[in-house]
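> fold the stuff below for me.
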Amino acid sequence: MHSLKQNRVPISNSNLLFIIAAGILLVMYMVAIGLYPASFSQPQTFFDLFNNNAALIILACGMSIVMIGGGIDISVGGVCGLVTMSCAVYLQSAGASVAGSIALALAIGIAFGVLQGFLIAYLQIQPFIITLAGMFLANGVMTMVNTTPINVQHPGFVALFETRFRIEWLGTINRHGMFIPCKISISTVIVICVIIAVAVLMKWSKFGRNLYAVGGNSQSAMMLGVGVRRTKFFSYVLCGLLSGIAGLAFILTTGAGNIGNASGFEMKAIAASIIGGTLLTGGVGNILGSPIGALTLLTINETIRAVGIDSNIQTIISGFLLCFFIVLQSVIIWLRDKGGGFRIIRPPWLKSMSLFTGGADGANQMDAANQMENNNNNGKGGNPS
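Residues are numbered from 1 along each chain as shown. This next block holds a predicted model:
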């Protein structure tokens, strides 16, 4: 019994906040099913949250990356809108191709990521100021590209836009007794691929481990030999890349370019990341929590819309929900740091099965660096007894 207790491993802050976020999403969706079973009990309704909001979920993943590293990027909505409008204009031009639009989307996203990442990481300018300027730049360039709505008529793009993948074993039976399988769009496939790729990157790559260490404490991470500036730089490059992919997913969802595309998505992405368990202070977060947070917001909005309440109430409830999660996260972290009664433990076999958790929290790696610093200060050249 004593050895079993010793083998128990306390759950990390990142995983704890993720579990709480997933539980709240489950409760929210169960409430929605209870209020409107005819709609929310259908599997297609859940998949439509992905089909219609792919861009937001991708942006939330990118936002979580920079927030885990202790930064912020409020230009993601503007970059996403710019990519959408630029691709729409390009696809309507002579000699355009779908491959060319993909390359254009990725190039715009990476360009913004490289520029902002360099200014933030190497010139050490405040992320909020730089990304605010980036948002204004993206919105300004978008108005220069085009100001009128564009419905893309390119044959290759239209074929992609109308493509739906059928899930033959999952669906609903309509009132005529016919089985209607669920369908997912190309944008949903992009979301799934992005989530898996980013989760693997944050869990098993050196970059992911370094990012958690930098977000927890950049000075301690530097003592561990982490390239702090390089890590921050690539976090913004990756966020810019995901913004470009989000713009591509947005136009695949709407089929058109509009000057209002992705307006306000930066705030929604931040809210989704926080609700998903990513701390604004950095070092703590779970990439899988980003889509969880986005789905929580979307479920609430869809429920409010089904009730028939004024759409302005959605913003008010989202604001209250965001404040609640910030306070909840602060209380949980405070209780765990204080060593109080709020503690969840799990056996090693469960820890080994925890996929895509992003590794240890930045605080754990910070503690290792602090211990290293203490050893160096206590005595050089000698081994501790």
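
> Ala199 contacts Leu288, doesn't it?
Yes - using C-beta atoms under 8 Å, Ala199 makes contact with Leu288 at a distance of 6.1 Å. C-betas here are computed from N, CA, C, even on glycine.

> give me the more crowded residue out of the two.
Leu288 (27 against 20; other C-beta atoms under 10 Å).

> okay, how far is it across stretch 34-44, tip to tip?
17 Å (C-alpha to C-alpha, to the nearest Å).

> I'd like the numbering to begin with 33 instead of 1 from here.
Okay, residue one is now 33; in that scheme the one you just asked about reads as stretch 66-76.

> buried residues, it. List them.
Across stretch 66-76, burial judged by 16 or more other C-beta atoms under 10 Å covers Phe72, Gln74, Gln76.

> got these as a markdown table, with distance to Ala165, pLDDT and secondary structure columns?
Converted to a markdown table, those look like this (distance: C-beta to C-beta, whole Å; pLDDT from 0 to 100; DSSP: H, G, I helix; E, B strand; the rest coil):
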| residue | distance to Ala165 | pLDDT | secondary structure |
| --- | --- | --- | --- |
| Phe72 | 41 | 86 | helix |
| Gln74 | 44 | 87 | coil |
| Gln76 | 42 | 88 | helix |
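
> Met99: which of those is nearest?
When these are compared for distance to Met99 (C-beta to C-beta), Phe72 wins out at 30.0 Å.

> pretty sure the closest one contacts Met62?
No - applying C-beta under 8 Å, one finds Phe72 not in contact with Met62, separated by 9.0 Å.

> where does the prediction get shaky in this structure?
The chain contains residues with pLDDT under 70 at 33-42, 343, 371-417.

> what's the longest strand in it?
In the chain, taking DSSP state E as the definition, the longest strand is strand 196-205.

> contacting residues around that strand?
The contact list for strand 196-205 (C-beta atoms under 8 Å, 6 or more residues apart in numbering) reads Gln74, Pro75, Gln76, Phe211, Ile212, Pro213, Cys214, Lys215, Ile216, Ser217, Val221.

> now, those that are in helices?
Within the contacts of strand 196-205, residues falling in helices by DSSP state H are Pro75, Gln76, Val221.

> including distance to Ala120, could those go into TSV?
What follows is the ones in helices among the contacts of strand 196-205, written out as TSV (distance: C-beta to C-beta, whole Å):
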residue	distance to Ala120
Pro75	32
Gln76	28
Val221	21
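
> done for today, thanks.
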